[in-house]
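Q: I would like the atomic coordinates for the input below:
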Amino acid sequence: MDTAVLRNRYPWNKGILVGQKRPLQPKNVWSIRVRLEMSGAIRELALFNLAIDSKLRACDLVKLKVEDLWSGSSIRDRATIIQKKTKRPVQFEVTEQTKIALVAWLPFVRRNGGSYLFPSRRKMSHHLSTRQYARIVHRWVASVGLDANAYGTHSMRRTKAAQIYKKTGNLRAVQILLGHTKLESTVRYLGVEVDDALRIAEQIEL
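A: Okay, here's the model as predicted:
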């Protein structure tokens, strides 16, 4: 390859914050949700609420199908999918506010006759792409004054998991909910520090 071309090639991450993306704080979740509700963004509200509840990776979230969430005429309280990365099943809860958002969104999905819960608006794809989803997430966080470079699709996956860990200290529960095969992965994912581990240990008496 021409050396001049190599000299002019910029790294993909130049000027971009890399590393783990921050989880949203409860106040951020509330602010984004209220903005979506007020703007009548039915599709994005359903996507946002389900992203928070499901704790799924972007590649699994965008491929959710109507049949994954619906049973007969109602939405399941819990859903199970096979993760693309691990090929293992993972379950997630569907809260009442997410059900309400999904019920409002479903007629639009059925009108187009598609099987995917979040169909793509582009003819080249049947469902929302991870790139499109990432752009939507960046728009969400920017709308409430957050630095879009510090957040991403993994922020959505980490948000509820981080709160569960903060309130319970139960790493095993978070591991199961995230579908991690190893507890070490959950520790790294949540950024658990030695002080956190010791605080949990101090609560246990034998």
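
Q: residues touching L178, list them.
A: The contact partners of L178, by Cβ atoms under 8 Å, 6 or more residues apart in numbering, come to 55, 90, 157, 161, 186, 189. Glycine gets a C-beta too; all of them are placed from N, C-alpha and C.

Q: And the furthest pair within those?
A: V90 and Y189 (13.9 Å; Cβ to Cβ).

Q: residue ranges of the helices in the chain, please?
A: Assigned by DSSP state H, the chain shows helices spanning 3-8, 26-39, 42-54, 58-61, 66-69, 96-111, 130-143, 153-168, 171-178, 183-190, 194-202.

Q: ok, back up a step: can the contacts of L178 go into CSV with extra columns for pLDDT?
A: Formatted as CSV, those follow (pLDDT from 0 to 100):
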residue, pLDDT
K55, 96
V90, 95
R157, 94
A161, 92
T186, 87
Y189, 82
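
Q: Now for this structure, the helix or strand with the poorest mean pLDDT.
A: helix 3-8 (a mean of 47; mean pLDDT, DSSP states H and E).

Q: Among the helices of the chain, which comes closest to K84?
A: Distance to K84, taken as Cβ to Cβ, is lowest for helix 58-61 among those, at 5.0 Å.

Q: So the nearest residue to C59 once chain neighbours are set aside versus L177, what's the distance?
A: Excluding the flanking residues, the one nearest C59 by Cβ to Cβ, 6 or more residues apart in numbering is K84, at 5.0 Å. Plainly put, K84 is 17 Å away from L177 if you go by Cβ to Cβ, to the nearest Å.

Q: The two: which is more packed in?
A: Neighbour tally, K84 and L177, criterion other Cβ atoms under 10 Å: the higher count belongs to L177, 20 against 12.
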